[in-house]
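Asker: no sequence on hand, only this structure:
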């Protein structure tokens, strides 16, 4: 199995910055994509940003130009730098990875972190 541990959430004022981190561990054979999703109260979970194993990135339109996703393949870690935060960025942020495990190298599965709360408020 694959475990994801997130850190870096918290309370920040509008216009501020936060950096989220997510480290993957366990019986990992290979990691394909890594990314961040968020879910606000009463809303569906939505993609915020993702990065492929080759470094290609994808962002939700609402965060383009403000958020940056990066990845450290050697450490199986993904980061989300969030700048110019707005109240509408308030949500629980979930780390996601699509990976294969040592015992099942031919199949990719989705794994999720436990979520970290980001609150943007004055």
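Answerer: Nice, thanks for sending it over. Quantities reported herein were computed from a predicted structural model and do not represent experimental measurements.
Asker: how far does the least confident helix or strand in the chain by mean pLDDT sit from the chain's center?
Answerer: Of the helices and strands making up the chain, the lowest-confidence element is strand 104-112, at a mean of 92, by mean pLDDT, DSSP states H and E. Put simply, strand 104-112 sits 17 Å off its chain's centre (C-alpha atoms, centre = their mean, to the nearest Å).
Asker: ok, now stretch 20-40?
Answerer: Using C-alpha atoms, centre = their mean, the distance between the centre of stretch 20-40 and that of its chain works out at 7 Å.
Asker: go on, stretch 8-24?
Answerer: Distance, centroid of stretch 8-24 to centroid of chain: 11 Å (C-alpha atoms, centre = their mean).
Asker: and that stretch, end to end?
Answerer: 15 Å (C-alpha to C-alpha, to the nearest Å).
Asker: in it, what's buried?
Answerer: 8, 9, 12, 18, 20, 21, 22, 23, 24 (16 or more other C-beta atoms under 10 Å). Backbone N, C-alpha and C define where each C-beta goes, glycine included.
Asker: residue contacts, the closest residue to the second one other than its chain neighbours?
Answerer: By that I understand residue 9. Among residues not flanking residue 9 along the chain, residue 116 sits closest, at 3.4 Å (C-beta to C-beta, 6 or more residues apart in numbering). Contacts here follow C-beta atoms under 8 Å, 6 or more residues apart in numbering; on that basis residue 116 touches 6, 7, 8, 9, 20, 92, 93.
Asker: restricted to strands, list those.
Answerer: Judged by DSSP state E, strands contain the following of the contacts of residue 116: 6, 7, 20, 92, 93.
Asker: so what sits opposite the residue nearest to residue 9 in the bridge?
Answerer: Taking DSSP bridges as the rule, residue 116 bridges to residue 93.
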